[in-house]
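Peer 1: Build me a model from this:
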Amino acid sequence: MNIENQVLGLTELSNYIKAFLAKKPENFNENDSDFELLLKKSEMENPWFTIDNQKFALNQWADLLTGENIRKWLAGYTISKTQKRVGLILAGNIPLVGFHDVISVVLSNHIPVIKLSSKDKYMVPFLLKKWKEFSGENIEYEFVERLNNFDAVIATGSNNTARYLEYYFKNHLNIIRKNRTSVAVLKGDETPEELKLLANDIFQYFGLGCRNVTRIFIPEEYVIDRLFESFVGFHDIINHNKYANNYEYNRAVYLLNQDKFWDNNFVMMKEDDKLFSPLSVINFSRYSSLDEVKNFLSENEESIQCIAAKEELGLNSIAFGEAQNPSLDTYADNVDTMKFLEVI
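Peer 2: Model prediction:
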């Protein structure tokens, strides 16, 4: 395998995506029209995959896949000389969430044997086909309904599914990923601009990703209205039918149970120690000392994907607004996929 051709193919794929996203429909050529139809088909079959959200994901990938980024990423790894078949069970909670696994396997000189999520079954095959065209290489990959004939596996599922997967693949080298979510820790002096960036971390992809913030820690005297003011830019989210159904259902449950909650007509905030919150709800808790927060984060480390906070808090955090902008060397569940692929 000529790795440089693979890298050049990915950079061409990046340029192709950027050119498509920059065009207006009236300027589409035949290939552009096929791409647009694919986005519409994905949205029809999975209403969570709105055109805007799919294009957001594509734009993130186009920005990531520069020659400089890819070469810097690969420089820290040894490419395998022995080609193996790596089974991939992809998630489908947000658009292209499994694409990182796919390119990792290919660039490690292995063959991805891909079981697509029924919720995201069009974009990965389309991008793989384009990458193969642009690289001029015989990139090998296979799509299957059920995994068989593989040497290792990378699978993503719920906590319940993970137990089954761990048993099923116990005799194979594997990475089994479980449910994760993300949190934010506020110091109290965040600017309106920083809080608006936090809103992106909460609402992008309707909050369905493991990098979406579902729990916020706030100082004891913090005024909740400050957060609601920062959320206003996402008020149109309530016009999405499936999101609205979740909002109405959770609101009705809280009212029936006489639970205390704060509501701004498109999202609710509930004082709750739980890490995971229902869709359309953000859990929050007040803290008097940062040590309380650090203890919680440590105790729930295996369920937390990332922490959004100011760097000065010393929480190994990301900046507000960066939750959905992971780098190529940012790995799901903090397990280095490329290191795993080196040794299979």
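Peer 1: before we move on, what SS does residue 189 have?
Peer 2: coil (DSSP: H, G, I helix; E, B strand; the rest coil).
Peer 1: The longest helix belonging to the chain: which residues count as buried?
Peer 2: Scanning the chain for the longest helix, with DSSP state H as the assignment, gives helix 3-22. Buried positions in helix 3-22, judged by neighbour count with 16 or more other Cβ atoms under 10 Å: 6, 7, 8, 9, 10, 11, 12, 13, 14, 16, 17, 20. In short, each C-beta sits where N, CA and C put it, glycine included.
Peer 1: what's near enough to touch the fifth one?
Peer 2: Taking Cβ atoms under 8 Å, 6 or more residues apart in numbering as the contact definition, residue 10 lies against 65, 70, 103, 131, 134, 135.
Peer 1: Sketch out the low-pLDDT regions of the stretch 1-150 of the chain for me.
Peer 2: Within the stretch 1-150 of the chain, the stretches with pLDDT under 70 are 1.
Peer 1: ok, which stretches of it are strands?
Peer 2: 85-89, 111-115, 142-143 (DSSP state E, counting those that start in this stretch).
Peer 1: could I have the very next helix or strand once past the last one exported to CSV, CA atoms only?
Peer 2: The reference is to strand 142-143. Note on strand 142-143: by DSSP states H and E, the next helix or strand toward the C-terminus is strand 152-156. Output in CSV follows, covering the C-alpha atoms of strand 152-156 (Å, rounded to 0.1, in the frame of the first residue of the first chain):
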residue,chain,number,x,y,z
ALA,A,152,-10.3,-8.2,15.3
VAL,A,153,-13.4,-6.1,15.9
ILE,A,154,-14.2,-2.6,16.9
ALA,A,155,-17.9,-2.2,18.0
THR,A,156,-20.0,0.6,19.4
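Peer 1: Am I right that residue 214 falls within a strand?
Peer 2: Yes. The assignment for residue 214 is a strand, going by three-state DSSP.
Peer 1: got a list of what it touches?
Peer 2: Taking Cβ under 8 Å, 6+ apart, one finds 181, 182, 183, 202, 207, 275, 276, 277, 282, 283 in contact with residue 214.
Peer 1: Show me the helices in the protein, by range?
Peer 2: Using DSSP H, helices in the chain cover 3-22, 30-45, 51-64, 67-74, 99-107, 123-135, 159-168, 192-203, 224-231, 241-256, 290-299, 337-343.
Peer 1: and the longest helix of the chain with helix 30-45, angle?
Peer 2: Here the directions of helix 3-22 and helix 30-45 differ by 80 degrees (axes from the mean of the first three to the mean of the last three Cα atoms, to 10 degrees).
Peer 1: now helix 3-22: how far from the chain's centre is it?
Peer 2: 21 Å (Cα atoms, centre = their mean, to the nearest Å).
Peer 1: ditto for stretch 313-333
Peer 2: 11 Å.
Peer 1: what are the C-alpha coordinates of that stretch, in CSV please?
Peer 2: Extracted in CSV, the C-alpha atoms of stretch 313-333 (Å, rounded to 0.1, in the frame of the first residue of the first chain):
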residue,chain,number,x,y,z
LEU,A,313,-10.0,25.0,36.3
GLY,A,314,-7.4,22.3,35.6
LEU,A,315,-9.9,19.6,34.6
ASN,A,316,-8.2,18.3,31.4
SER,A,317,-11.0,20.0,29.5
ILE,A,318,-11.9,21.3,26.0
ALA,A,319,-12.9,24.9,25.3
PHE,A,320,-16.6,25.7,25.0
GLY,A,321,-17.8,25.1,21.5
GLU,A,322,-15.2,22.5,20.7
ALA,A,323,-17.2,19.4,21.7
GLN,A,324,-18.1,18.5,18.1
ASN,A,325,-14.7,19.4,16.7
PRO,A,326,-12.5,16.5,17.8
SER,A,327,-9.0,16.1,16.2
LEU,A,328,-7.9,13.0,14.4
ASP,A,329,-6.0,11.8,17.5
THR,A,330,-9.1,12.1,19.7
TYR,A,331,-10.5,8.7,20.2
ALA,A,332,-13.9,7.4,21.4
ASP,A,333,-13.8,6.2,25.0
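Peer 1: Right, I'll call it a day here.
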